[in-house]
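quick one: sequence and predicted model below, then my questions.
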Amino acid sequence: MMLESYKRQIYNCGRCGYCLGGYLDHICPSRFIGGFESATARGRMLIARALLERKLNYSQELVSVLFKCFLCGACDVKCSQAAKIKVTEITKAMRAEAIEAGVILEKLIPAAKILSESRNIYGKPSAERASLTCSYSKKNRSSDLLYFPGCVITFRFPEIAQNTIQLLKVAGVDFILLGEDEWCCGNPFLSMGMLKEAERFALHNIGAIRRKGVKTVLTSCAGCYRVLSQDYPKIFGGELPFKVMHVTRFLNQLVNEGSLKLKRTKYGKVTYHDPCEIGRYGGIYDEPREVIQSVPNLKLVEMNKSRDNSWCCGGGGSVNIVHTNLAFSVSALRIKQAQETGAKVLVTACPTCLQMLELASKRTGAKIHVIDIASLVLDAIKT
Amino acid sequence: MGSNEIKSELIKIVGKDNVSDSDFELYAYSRDLSPATPQLASFIVRPRNTEDVKKIVELANKHRIPVYVRGCGCSHWAAWLPVKGGILLDMTSMDRIVEIDEKNLVAVVEAGCTWFKLMEELRKRRLTYLSSEMGGPAMTVGGSVAKAGGGPYGTCKFGFHGHSDILGLEVVLPTGDVVKAGSWAMPNCAPFRREGLGPDLTGLFIGSEGILGIITKVALRVRPLPEKEEFLYFEFNDWRDVVETGDAATREIGDEFAYSLDCSEEASSMGNIGVKIYVFGYDQHIIEYRKRVLTKTCQKNNGKKRDSNIAKDTFMKVVTGLSEIFAAGVWHFAGCGTVPLHQLPRYVEIWRKIVQKHNFYRSTFGAWTFPRGWTVYVHMLYREPDEREKVISISNEINRRFFENGLVPYGIGGPEGLQPFLKGKLGAYYDLIKRIKQCLDPNNILQPNILVSLNDA
């Protein structure tokens, strides 16, 4: 949707400043890296208003600032208690309008080109998707469940897919994969404002999944989960012919029904990072915690900022493509928050969060090990 | 000096990451919380410390560039909108807590520090600053002091920031001189007393709306955090009864029974007055005693006891955010200021008549006590842009009538703030403020047209 359709919300901003929080690193990572009012939700609403009133035009500089927003949804949570403005949707609409106006940031062009052509963000051949999981992806098999690993897991963290698949096998869960037919979910296009490409990718995936005749799509990626469950129905024009489930919910279900029996692990005290796209966007807070707490000897300690108050990992909103170093500073702060708990292990449930936080942990010399929840659960089964 | 040269000079002072003249940035800083017309500065500058502020002011003075000063931007009466363009200082980078002296119970913060941040740090040390704003987590200490503000939290007992809790200020004068006021001004003396040598210069800057100097640091009295607190909620039907209750709660000056006493009436249910009371103390026996006396007082004045959680919910969110009040639209204040204790009902009547006349019922009249007085406010929820003109018209009427009855405002802001209602009515007092302004700011660079318009007769 374009900006005009959010006019009522934009004019409803009373500039109360609840979205700003009490200090730069309190609520909004965009404010933390941007400093100026344009990097805040409140400031962005005044900019949106000026754009609607034709007092401003999109420029490279303005779009660059729009890409300081991680689309983490923290401001949406704050504003849900006030004027109920969907700031992230409006920010995405501004990015999309900028594309329509022909203003595109140089740094986005190669990323978009690679994605358009290879159908994954790494420019890898699609055949590699199939090879990753070939032993489980026999042709013409049918199942009610389809596992959708997503690009980051397939090409960057294949062990997450392998661990998840192993857990499904242990639990006796039958499933299939799309293999080569799986395209990027379209999340990067949506965050970059390239809606037509996002739609093309979404319609392909919806078609491929439909042809498999599955009832449920399972994913380990928080971004894929959000896009499949929330954006695809809008693009499809109604309810999807399948349910979408994030792996944290599924694992919790398997643990609760006794299909996965967890034993002691080598980990003692762990903390959990809420990925924005399953937390604030999907309301999945309890299930990953319940899974972690099901492991007999684990102690879960919460960070100061958790659940809907969680600090972004720095990987959202394509900020790391445009402002790589600034995005890293957000990741580094999250690692610092994790360290403050005294935990030696940081568990998360999103490969992008894993990527950002692992990097920040290494670069800052933090003595905290970042792992995916499937790795934790697999460890608790093996030991 | 041209715009580019000024920008280069500003960059030399604060670095390129702290200066912007981008069109979109100027729009992002163009409004406060009032319906006033957006005003665009020429530059947004984010000073990092007192030295930056000093250099910026010296540059501005040399080239006669207006300088406006903004905390979190939450004023309700155009108190910082750059009506003359120029440099707009965003003070939020100067948000450090310089010191918390737990022995002498003094905190020193930079002006851009928020009440929220200060409270978080104080609570870790089982301390508190007991008189605070209610504007939400982004409100800065410097902004509050510049307007001598105060929310319902603690005001019943301790009054406003100007009362006794500001122990000293560091201020950059419009000529660039850096001064400390209060005991802080003495050689090798820490801030522990607001008054120092000579007149109360700390008081000169409190409520000055930033026209006499830029507050860069504030020294505040802090107190041990009360371990016990209780809440009461009563409903009244007559404001005269509420006044009697406020009278009893604040009559024993210095030993006020309530910590906060906050009252309000919705226009949609006139005659139903909610009174929320925050009782605190350092000892349970004292709290129980105060609670008993306050309950008796309310009941004697026809108050009906209701669920105390309603009061608790409000008071617990005063600093962290009463955000739901923005849910129904944009919020505009009118008639904000203080009135003598027994004059409260006349203001309620004025408000009732005006909202009835305009058939505008998305409005609340509120009041909270301070020792022997009330702070009053009217807030109105409206839709922008459709209802902007209407709400301005109603608020103008409320402001005019309240001022006619003797309202003392927190501040009057710029030309689209409250200035027009007092124009030509303040006589020698206003002239004195102008003369002080002219003396301290001979080139009229600081906050021009805020509080005083030097060109006015």
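Nice, thanks for sending it over. Computed from a prediction, not measured in an experiment: that's the story for all the values here.

how many neighbours does the spatially closest residue to B:D90 that is not a sequence neighbour have?
Counting by C-beta to C-beta, 6 or more residues apart in numbering or on different chains, B:R46 is the residue found nearest to B:D90 once chain neighbours are left out, at 4.8 Å. Where C-beta positions appear, they are placed from N, C-alpha and C, glycine not excepted. Around B:R46 sit 22 other residues, with neighbours defined as other C-beta atoms under 10 Å in any protein chain shown.

pLDDT at B:R46, what is it?
According to the prediction, B:R46 has pLDDT 98.

need the contact list for it.
B:R46 makes contact with A:G35, A:F36, B:V14, B:N18, B:V19, B:L89, B:D90, B:T92, B:S93 under the criterion C-beta atoms under 8 Å, 6 or more residues apart in numbering or on different chains.

and what of A:K68?
Taking C-beta under 8 Å, 6+ apart as the definition, contacts of A:K68 comprise A:S30, A:I33, A:G34, A:A39, A:V319, A:V322, A:H323, A:L326.

so which of the residues you listed comes closest to A:L132?
Distances from the contacts of A:K68 to A:L132 were compared by C-beta to C-beta; the smallest belongs to A:V319, at 28.0 Å.

hang on, the earlier thing: report the lowest-confidence entry in the contacts of A:K68.
Among those, A:G34 has the weakest pLDDT, 93.

and it, how far from chain B?
Counting by C-beta to the nearest C-beta, to the nearest Å, the separation of A:G34 from chain B is 10 Å.

which parts of the stretch 151-300 of chain B are strands?
According to DSSP state E, counting those that start in this stretch, the stretch 151-300 of chain B carries its strands in the segments B:166-172, B:178-181, B:214-221, B:223-224, B:228-236, B:260-266, B:273-281.

what does chain A put close to chain B?
A:11-18, A:20-24, A:26, A:35-38, A:40, A:43-44, A:46-47, A:49-50, A:55-56, A:59, A:61-62, A:65, A:78-79, A:81-84 (C-beta under 8 Å from any C-beta of the partner chain).

count the neighbours of residue 294 for me.
Looking at chain A here, since you left the chain open. The criterion is other C-beta under 10 Å. On that basis, A:S294 has 17 neighbouring residues.

that's the other chain; I wanted chain B
The burial metric for B:L294, expressed as a neighbour count using other C-beta under 10 Å, is 23.

list the contacts of it.
Counting by C-beta under 8 Å, 6+ apart, B:L294 touches B:L232, B:A249, B:F257, B:A258, B:I277, B:V279.

what sits closest to the fifth one if chain neighbours are left out?
Among residues not flanking B:I277 along the chain, B:L232 sits closest, at 4.1 Å (C-beta to C-beta, 6+ apart).

using CSV, write out every CA atom in the lowest-mean-pLDDT helix or strand in chain A.
Using mean pLDDT, DSSP states H and E, the weakest-scoring helix or strand in chain A turns out to be helix A:127-132, at a mean of 81. Coordinates of each C-alpha in helix A:127-132 appear next as CSV, following Å, rounded to 0.1, in the frame of the first residue of the first chain:
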residue,chain,number,x,y,z
ALA,A,127,20.3,-26.8,-7.5
GLU,A,128,22.2,-26.3,-4.3
ARG,A,129,18.9,-26.0,-2.4
ALA,A,130,18.1,-29.5,-3.6
SER,A,131,21.5,-30.9,-2.8
LEU,A,132,21.4,-29.7,0.8
